[in-house]
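Undergrad: Fold the following, please.
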Amino acid sequence: MDSVVRLQSRLKRQKGIESIFHTIFLIFGLFSIAFVLFITVFLVISGVPAITKIGIFKFLFGTKWASTAAEPSFGILPFILTSVYGTLGALLISVPVGIFAAAFLAKMAPGPVAAVVREAVDLLAGIPSVVCGLFGMIIIVPGVRRLFNLPDGANLFSAIIVLQIMVLPSIISESETALRAVPKEYEEGSLALGATYTETVFKVTLPAARSGVLTSVILGTGRAIGEAMAVMMVAGNVANMPGIFKSVRFLTTAVASEMSYSSGLQRQALFSIALVLFFFIILINLVLRKLTSKGEIK
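TA: Below you'll find the predicted structure:
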């Protein structure tokens with residue numbers, strides 16, 4: 001009888017503890033939602049007035065940004081195109097390299113080799129942005145200048161190289177995790193049907209893990225389009241229409257480079273740029289999440 005009472009008492013304590021932790025996690029979750037809503041409302045309130053004053057067409061499709069001129073212009077099309085081209089260029093390089101590297105680490109590399117490479121990838125992921133920018137400014141920018149015989153190596157191409165270095169660790173780590181999570185039965189069934197191990201990895205395991213791989217692309221895209229410091233150091237930070245070997249300015253660097261001395265309409269326009277960047281990130285996440293949901297294993 002005493003044992004039954006003790007058991008009931010223990011169950012009550014466990015339920016009480018679970019209830020407390022459930023409440024704590026709920027509060028933290030609500031705080032996260034509240035912060036996102038607060039940021040959204042803040043950006044909308046701060047960014048809409050400048051778009052209204054300038055005109056949404058002139059703001060989004062204007063090709064000239066001269067915020068401190070006697071007759072200022074606030075066209076951000078060069079920044080939008082630069083961010084799009086830079087992100088796509090970085091993903092074009094890092095996605096295939098990252099997926100192949102993840103497949104090698106997860107399914108083909110010997111244990112000691114995989115452990116060393118995995119540690120290197122984790123270390124690369126932890127390097128601060130400013131260090132990546134410094135590496136790009138000292139190594140990549142002069143190298144691009146000499147390789148292509150350019151007057152200045154600080155351009156969109158250098159920014160793409162730096163961005164793909166920064167994006168690569170996220171894609172490798174998340175893709176490797178997704179590949180390791182695929183049930184062994186999938187591979188065993190493929191091998192039993194006569195497929196080679198390489199065919200099994202790329203035609204069975206990788207398609208089965210496409211949901212996790214797309215998640216890694218989402219993380220990489222967010223890292224690339226939201227980066228400011230590193231690209232500011234290697235892209236030239238000039239408000240030109242984008243060209244592969246032209247000095248350019250990204251949406252993020254436009255805000256970071258002028259916010260410290262801005263005022264009036266210029267400051268409001270910088271908040272509008274942040275609002276445009278915010279909606280870009282939301283749109284990209286929605287599209288990729290939709291693709292991810294279609295790729296989930298049923």
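Undergrad: all contacts plus neighbour counts: C-alpha atoms, from now on.
TA: Fine.
Undergrad: Could you look up the next helix or strand downstream of the lengthiest helix in the chain?
TA: Secondary structure of the chain per DSSP state H: the longest helix is helix 2-54. Heading C-terminal from helix 2-54, the first helix or strand you meet, by DSSP states H and E, is helix 56-61.
Undergrad: re earlier: averaged pLDDT, the longest helix of the chain. What do you get?
TA: The predicted model assigns helix 2-54 a mean pLDDT of 82.
Undergrad: For the closest residue to residue 174 other than its chain neighbours, which residues are in contact?
TA: Excluding its sequence neighbours, the residue lying closest to residue 174 (CA to CA, 6 or more residues apart in numbering) is residue 216, at 5.2 Å. With contacts defined as CA atoms under 8 Å, 6 or more residues apart in numbering, residue 216 is in contact with 170-175.
Undergrad: Helix or strand: which one has residue 216?
TA: Going by DSSP H and E, residue 216 is part of helix 210-226.
Undergrad: swap in residue 244?
TA: Using DSSP H and E, no helix or strand contains residue 244.
Undergrad: same check, this time on the one 10 residues further on
TA: Assessed by DSSP H and E, residue 254 sits inside helix 251-258.
Undergrad: quick one: contacts of stretch 174-183?
TA: 98-99, 102-103, 105-107, 205-206, 208-213, 215-216.
Undergrad: And the buried ones among those residues, selectable in PyMOL?
TA: Buried residues among these (16 or more other CA atoms under 10 Å), as a PyMOL selection:
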select buried, resi 98+99+102+103+105+106+107+205+206+208+209+210+211+212+213+215+216
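Undergrad: Just give me how far stretch 64-77 sits from the chain centre.
TA: 29 Å (CA atoms, centre = their mean, to the nearest Å).
Undergrad: returning to that earlier point: flag every buried residue along the helix holding residue 254.
TA: For helix 251-258, by 16+ other CA under 10 Å, it's 251-255, 257.
Undergrad: now stretch 65-84
TA: Buried residues in stretch 65-84 (16+ other CA under 10 Å): 65, 67, 73-84.
Undergrad: Equivalent analysis for stretch 106-125, please.
TA: 106-107, 114, 118, 121, 124-125.
Undergrad: Same list, these, but as CSV with secondary structure please.
TA: Output for the buried residues of stretch 106-125, formatted as CSV (DSSP: H, G, I helix; E, B strand; the rest coil):
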residue, secondary structure
106, helix
107, helix
114, helix
118, helix
121, helix
124, helix
125, helix
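Undergrad: Sort those residues by pLDDT and name the bottom one.
TA: Ranking the buried residues of stretch 106-125 by pLDDT puts residue 125 at the bottom, with 84.
Undergrad: Which residue, other than its chain neighbours, is closest to residue 245?
TA: residue 155 (5.3 Å).
Undergrad: Got the phi and psi for the one you found?
TA: Taking degrees, to the nearest 10, you get phi -150, psi -180 for the backbone angles of residue 155.
Undergrad: I figured it hits residue 242, correct?
TA: No - Residue 155 is beyond contact range of residue 242, at 9.1 Å (criterion: CA atoms under 8 Å).
Undergrad: follow-up on the earlier one: now the angle from the helix holding residue 216 to helix 251-258?
TA: 30 degrees (axes from the mean of the first three to the mean of the last three CA atoms, to 10 degrees).
Undergrad: can you pull out the helices in the stretch 101-250 of the chain?
TA: Counting by DSSP state H, counting those that start in this stretch, residue ranges of the helices within the stretch 101-250 of the chain are 111-125, 129-135, 141-147, 156-180, 184-192, 197-200, 206-208, 210-226, 229-234.
Undergrad: need these in a markdown table with distance to residue 9, can you?
TA: Output for those, formatted as a markdown table (distance: least, CA to CA, whole Å):
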| stretch | distance to residue 9 |
| --- | --- |
| helix 111-125 | 46 |
| helix 129-135 | 53 |
| helix 141-147 | 68 |
| helix 156-180 | 41 |
| helix 184-192 | 43 |
| helix 197-200 | 53 |
| helix 206-208 | 46 |
| helix 210-226 | 43 |
| helix 229-234 | 57 |
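Undergrad: Show me the one of those that comes nearest residue 15.
TA: Closest to residue 15 of the helices of the stretch 101-250 of the chain is helix 156-180 (CA to CA; 33.5 Å).
Undergrad: pLDDT averaged over that closest one - what is it?
TA: Computed over helix 156-180, the average pLDDT equals 92.
Undergrad: Got a quick ChimeraX command for the buried subset of the contacts of residue 216?
TA: Buried members of the contacts of residue 216, defined by 16+ other CA under 10 Å, are picked up in ChimeraX with:
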select :170,171,172,173,174,175
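Undergrad: Relative to residue 27, which of the contacts of residue 216 is nearest.
TA: residue 174 (28.2 Å).
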